[in-house]
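Visitor: Everything below, folded, please.
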Amino acid sequence: MADEVVLDIGGREEPQTLMGKIRERYNDPEADKRHKVSAQRWVRYLMVFQTPTQLFMFHYYIIPCLFEDYDDWTRYYLKVFVTYLAIQGVVNYLCTVFYDTSISPSKDRPDLPGLTDWWNNPPDHFVSLHNQNGSVVLMESPDADESGFETKYCEICKIYQPPRTHHCKLCDACILKRDHHCYMVGNCIGFKNQRYFVVLTFYAMIIGLIGGYFQYKYLQIFYYPVSYAWTDFIPPVALYRWLFGRVDAMTLHICVMIIHVYLEFLFGFIGFIYFNSQMTIISKGKTMHELAKFIPIRNVNNINRNFRSVFGDFWALNFFFPMQALFRQRDDGKTWEGIKLDHNANLQEKTN
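Guide: I've put the predicted structure just below:
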């Protein structure tokens, strides 16, 4: 009889179930970060597709067809206005993306609040670190100030965080006056780019809602009477029928407009929500991160001072032209006049 081969299966791990794999994948922080980065990339692809194609549709189809009863000068000024809206959206989008609001590690000594004053104005006498019993006497921390904010040390970035600075896991950086991480632009909104983000949401609201309405009217007038069925207005179906020529009236610009209507109303609705929330939060001198984490911020500044802290002087002009070069922000992002950390602030707001 041939020698038998004995397989030792003791201690072998059981195969993982499908739900176990899904649960492990869901709880993996690195996989979650990759998914979020991938989502941000696709949103940017949509922005690259949406902006030039929408501008083209308005110049060559919507304005000439929907405003054909108006004179040439009116249609010309409408095209100029549409181009102006597109430029404003693109410029503020790029400023939001490329204005770096993070804090880079420095090889110099940490700039702790109060440390410079201690160095320039040393005390008359030095206190011994040990008392009579030999134990260490706790001295007042040099990062303590009247605002109540504490200077924290970030173990990841290896820097001391100024007040209202927080670390973002997706950006892998400490963000100065961090408001939130925006997946639409792919980075954090903070001290240096919040002014552009707010203006971007304003124009996203206008372009999205008004642009979506006019493209919807164009499709209703020029395509709906000759359409095959209501399913033509579903983007995947419209794309399929254009590619394979199932419907003669389904041309390329009609297919693109159908996709535009969904995207524009989506961007317009998101812009409406973010614009109103940002204006409300800025008027109170707080950030979205502080509200979400229930950080008790007490702001004694008036509304105009809070807006100038974000937009600079003559802050309303930011909604017409980027004004960073002319009117810079009042604060430096590290010290906050009129803003304190008060643990009784939330209680007082509820009682009022």
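
Visitor: Apart from its neighbours in sequence, what residue is nearest the residue nearest in space to the middle of the chain?
Guide: The centre of the chain sits closest to Cys182, judged by Cα atoms, centre = their mean, with a distance of 2.7 Å. Excluding its sequence neighbours, the residue lying closest to Cys182 (Cβ to Cβ, 6 or more residues apart in numbering) is Ile189, at 5.4 Å. Glycine gets a C-beta too; all of them are placed from N, C-alpha and C.

Visitor: wait, the one you found sits on Thr96?
Guide: Yes: the pair Ile189 and Thr96 qualifies as a contact (Cβ atoms under 8 Å) at a distance of 7.4 Å.

Visitor: mind checking pLDDT for Asp8?
Guide: pLDDT, Asp8: 51.

Visitor: And Asn302, by the same measure?
Guide: Reported pLDDT at Asn302 in the predicted model: 90.

Visitor: what does His167 give?
Guide: Note on His167: pLDDT of 90.

Visitor: count of neighbours near it?
Guide: Other residues within reach of His167, judged by other Cβ atoms under 10 Å, total 20.

Visitor: What strands flank the strand or helix carrying it, and is each parallel or antiparallel?
Guide: Using DSSP states H and E, His167 maps to strand 166-168. Here strand 166-168 is paired, per DSSP bridges, with strand 173-175 (antiparallel).

Visitor: chain center to the strand it pairs with, what's the gap?
Guide: 14 Å (Cα atoms, centre = their mean, to the nearest Å).

Visitor: contacts for that strand?
Guide: Strand 173-175 is contacted from outside by 101-103, 154, 157, 159, 161, 165-168, 188, 190, using Cβ atoms under 8 Å, 6 or more residues apart in numbering.

Visitor: Just among the residues you listed, which is most surrounded?
Guide: Gly190 (30 neighbours).

Visitor: next structured bit after the longest helix along the chain?
Guide: In the chain, with assignment by DSSP state H, the single longest helix is helix 252-283. Using DSSP H and E, the helix or strand that follows helix 252-283 in sequence is helix 288-292.

Visitor: List the strands paired with whatever helix or strand comes next after that following helix, with their directions.
Guide: Next along the chain after helix 288-292, taking DSSP H and E as the criterion, comes strand 297-299. Its sheet considered, strand 297-299 pairs with strand 339-341 (antiparallel) by DSSP bridges.

Visitor: mind checking how far the partner strand is from the chain centre?
Guide: On Cα atoms, centre = their mean, the centre of strand 339-341 falls 24 Å from that of its chain.

Visitor: Let me know the average pLDDT across it.
Guide: What strand 339-341 shows for mean pLDDT is 82.

Visitor: need the strands for the stretch 101-250 of the chain, in chain order.
Guide: Applying DSSP state E, counting those that start in this stretch to the stretch 101-250 of the chain gives strands spanning 102-103, 152-154, 159-161, 166-168, 173-175, 180-182, 187-189.

Visitor: Columns distance to Met257 on top of those strands, output as TSV?
Guide: Putting these into TSV (distance: least, Cβ to Cβ, whole Å) gives the following:
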stretch	distance to Met257
strand 102-103	39
strand 152-154	48
strand 159-161	48
strand 166-168	37
strand 173-175	38
strand 180-182	27
strand 187-189	31
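
Visitor: just checking, Ile259 touches Val237?
Guide: No: contact criterion Cβ under 8 Å: Ile259 and Val237 do not qualify, at 11.4 Å.

Visitor: The residue nearest to Asn299 when sequence neighbours are not counted - how many residues pack around it?
Guide: Of all residues beyond its chain neighbours, the one nearest Asn299 is Gly285 (3.5 Å), with distances taken as Cβ to Cβ, 6+ apart. A count of nearby residues for Gly285, using other Cβ under 10 Å, gives 22.
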